[in-house]
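Peer 1: Next comes the sequence, and after it the predicted model I'd like to discuss.
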Amino acid sequence: MTTWFSKLLLGNVRSLAISTKNQRSEDYHHRHLEAYGYFLPIQTRWQDNDQYGHVNNVVYYSYFDTVINHYLIRYCGLKTSLLTSPLVGFMVNNQCTFHTPIGFPQIPLAALAVEKVGRSSVHYRLALFPPKATQEPSPVDHRDLSDGLFFGHPKLAQFDALACTTGSSVHVFVNPATSKPTALPEDFRGGLLRLLNPSPA
């Protein structure tokens, strides 16, 4: 006779299997260029490498921080001076998953998407795409570094379509005078909504 406990256990196992399958599908989607809207080439540095010849794990977070703040400054109007900025972003959550290594002197491509925009918070999805190993590295011009690239740009073809690293971050924006959460200005919010790219169900 099947007990209520056995039924409950079986139901939980099935639910866990479905949840794991959905998570794997989402993770796979997040490794592809199509899951992102904004890109920024990142020049690795000699000091980024660890003793194994790969970029050290903690450095990836600085690459992600760079692409986020580059977009916020360039396309959302973020002011970086505490004296003039009406809001300051506090990074309250960071996560990174490593799939394959990169190393100096490679120039990978940092990728950014926005998953959710709240009243004062923003949830980002991030990735790093290595350059294709099958072709000569192409020069990165100044405009690529100052403006970044949006999805559909032909230069994206120079990079692998599968990310070597994926991650996520959450910003909470606060009033610099009080350190209390503050509502995002409409023009700032508009820049973020440009990259809104919800995960597939």
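Peer 2: Nice, thanks for sending it over.
Peer 1: what are the bridge partners for the nearest residue to residue 155 once chain neighbours are set aside, then?
Peer 2: Residue nearest to residue 155 in three dimensions, not counting chain neighbours: residue 149, with 5.9 Å by CB to CB, 6 or more residues apart in numbering. Any C-beta I mention is one placed from the backbone N, CA and C, and that applies to glycine too. Counting by DSSP bridges, residue 149 is bridged to residue 39.
Peer 1: Distance of residue 149 relative to residue 174?
Peer 2: 30 Å (CB to CB, to the nearest Å).
Peer 1: now swap in residue 191 and tell me
Peer 2: From residue 191 to residue 174 the distance is 18 Å (CB to CB).
Peer 1: again with residue 128
Peer 2: 28 Å.
Peer 1: neighbour count winner among the two?
Peer 2: Set residue 128 next to residue 174 and count neighbours by other CB atoms under 10 Å: residue 128 wins out with 25 against 16.
Peer 1: List the buried residues of stretch 48-58.
Peer 2: Neighbour counts over stretch 48-58 (16 or more other CB atoms under 10 Å) mark 48-49, 54-55 as buried.
Peer 1: okay if I get these as TSV plus secondary structure?
Peer 2: Listed next are the buried residues of stretch 48-58 as TSV, based on DSSP: H, G, I helix; E, B strand; the rest coil:
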residue	secondary structure
48	helix
49	strand
54	coil
55	strand
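Peer 1: Now for these: which two are most distant?
Peer 2: 48 and 54 (9.0 Å; CB to CB).
Peer 1: hey, what's in contact with both of these two?
Peer 2: Common contacts of residue 48 and residue 54, defined by CB atoms under 8 Å, 6 or more residues apart in numbering, comprise residue 103.
Peer 1: thinking again about what came up before, my guess is the residue nearest to residue 155 contacts residue 38, does it?
Peer 2: Yes. At 7.4 Å, residue 149 counts as touching residue 38 under the criterion of CB atoms under 8 Å.
Peer 1: Neighbour count for the two, which is higher?
Peer 2: When residue 149 and residue 38 are compared for neighbours, residue 38 comes out ahead with 22 against 19, by other CB under 10 Å.
Peer 1: Residue 167 - how many residues pack around it?
Peer 2: Neighbour count of residue 167, defined by other CB under 10 Å: 20.
Peer 1: Check which helix or strand the residue lying closest to it once chain neighbours are set aside maps to.
Peer 2: Residue nearest to residue 167 in three dimensions, not counting chain neighbours: residue 96, with 4.0 Å by CB to CB, 6+ apart. Using DSSP states H and E, residue 96 sits in strand 88-98.
Peer 1: Quick check, the residue nearest to residue 167 in contact with residue 61.
Peer 2: Yes. Counting by CB under 8 Å, residue 61 is a contact partner of residue 96 at 6.4 Å.
Peer 1: who touches both of these two?
Peer 2: In contact with both residue 96 and residue 61: residue 167, using CB under 8 Å, 6+ apart.
Peer 1: which residues of this structure fall in strands?
Peer 2: For the chain, the strands defined by DSSP state E occupy 38-41, 88-98, 109-117, 121-129, 149-150, 165-174.
Peer 1: got CSV for these, with mean pLDDT and distance to residue 156 too?
Peer 2: Formatted as CSV, these follow (pLDDT from 0 to 100; distance: least, CB to CB, whole Å):
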stretch, mean pLDDT, distance to residue 156
strand 38-41, 97, 6
strand 88-98, 95, 21
strand 109-117, 97, 7
strand 121-129, 97, 8
strand 149-150, 94, 6
strand 165-174, 97, 17
